[in-house]
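A.B. asks: I would like the atomic coordinates for the input below:
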Amino acid sequence: MLDYRKKLSIIESFPELEKKEVSLGRVNFQYTGSAAEKKNVVYHLHPNGNGYVYAKGLEDYEPDRKGMVNIRDFSEEELRAIIRKSIHMLSPEGVYESHTAGGVDHEIWINDRRQTLEIVFEHDLWNVYAGDLLDGTFRTYKEAKEYLIEEGFHPGHS
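C.D. replies: Predicted structure coming up:
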């Protein structure tokens with residue numbers, strides 16, 4: 001297990017993060033460039049070595065209900081990796097990727113009769129178009145995809 005000083009040194013090596021003193025000797029590190037509401041990347045790093053990193057939505061981690069992962073027993077490599085992933089997830093690019101289908105903001109879907117529909121991410125919603133006509137609007141990519149599958153469409157070429 002890394003001690004507090006080593007964790008602090010690793011975290012401070014990320015220039016995107018800003019240190020904020022909190023109670024009981026703990027510190028938070030915020031990503032001020034965050035495109036999401038969430039700003040804390042490292043939460044309540046304690047002098048005893050305990051602390052948390054925001055990882056809601058990151059693969060390979062099991063965050064608590066607040067989206068945090070305990071980093072008490074992380075190695076240097078694990079700590080660097082989770083912080084790097086957390087910063088990316090909160091960056092404008094990462095937020096865009098999480099709201100779209102991994103960064104894809106439009107797709108062409110086709111049915112057996114060679115009819116096509118286009119799914120497009122616009123203004124934080126997924127719109128389905130038949131040519132210039134709006135066929136449907138959905139809050140998530142998953143909802144739009146389910147609709148298209150129910151209607152007999154499958155992904156074509158973008």
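A.B. asks: State the number of residues packed around Asn70.
C.D. replies: Counted by other Cβ atoms under 10 Å, the residues lying close to Asn70 total 13. In short, each C-beta sits where N, CA and C put it, glycine included.
A.B. asks: Could you check the pLDDT of it?
C.D. replies: pLDDT for Asn70: 97.
A.B. asks: contacting residues around the closest residue to Gly152 other than its chain neighbours?
C.D. replies: Distances taken as Cβ to Cβ, 6 or more residues apart in numbering place Asn111 nearest to Gly152, at 4.7 Å, with adjacent residues excluded. With contacts defined as Cβ atoms under 8 Å, 6 or more residues apart in numbering, Asn111 is in contact with Glu151, Gly152, Phe153, His154.
A.B. asks: residues near the first one, how many?
C.D. replies: The local packing count at Glu151 equals 14, with neighbours defined by other Cβ under 10 Å.
A.B. asks: Would you mind measuring from it to Val128?
C.D. replies: Distance, Glu151 to Val128, using Cβ to Cβ, to the nearest Å: 9 Å.
A.B. asks: quick one: common contacting residues for these two?
C.D. replies: Here Glu151 and Val128 have Leu117 as joint contacts, going by Cβ under 8 Å, 6+ apart.
A.B. asks: hang on, the earlier thing: buried among the contacts of Asn111? Need that as a selection in PyMOL.
C.D. replies: Restricted to buried positions by 16 or more other Cβ atoms under 10 Å, the PyMOL selection for these reads:
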select buried, resi 153
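A.B. asks: where do the strands sit along the protein?
C.D. replies: In the chain, the segments counted as strands under DSSP state E are 17-21, 27-31, 40-45, 52-54, 68-70, 106-110, 116-122, 125-130, 133-138, 154-155.
A.B. asks: Pick the most buried one from those strands.
C.D. replies: Greatest average neighbour count among the strands of the chain goes to strand 52-54 (a mean of 26), per mean count of other Cβ atoms under 10 Å.
A.B. asks: average pLDDT for it?
C.D. replies: Average pLDDT, strand 52-54: 97.
A.B. asks: close enough to count as contact, Gly49 and Arg72?
C.D. replies: Yes - the criterion here is Cβ atoms under 8 Å, and Gly49 meets it with Arg72 at 6.0 Å.
A.B. asks: Of all residues in this protein, which one is nearest the centre?
C.D. replies: Met89 (3.8 Å; Cα atoms, centre = their mean).
A.B. asks: Next one: that one from Val41, what distance?
C.D. replies: Distance, Met89 to Val41, using Cβ to Cβ: 9 Å.
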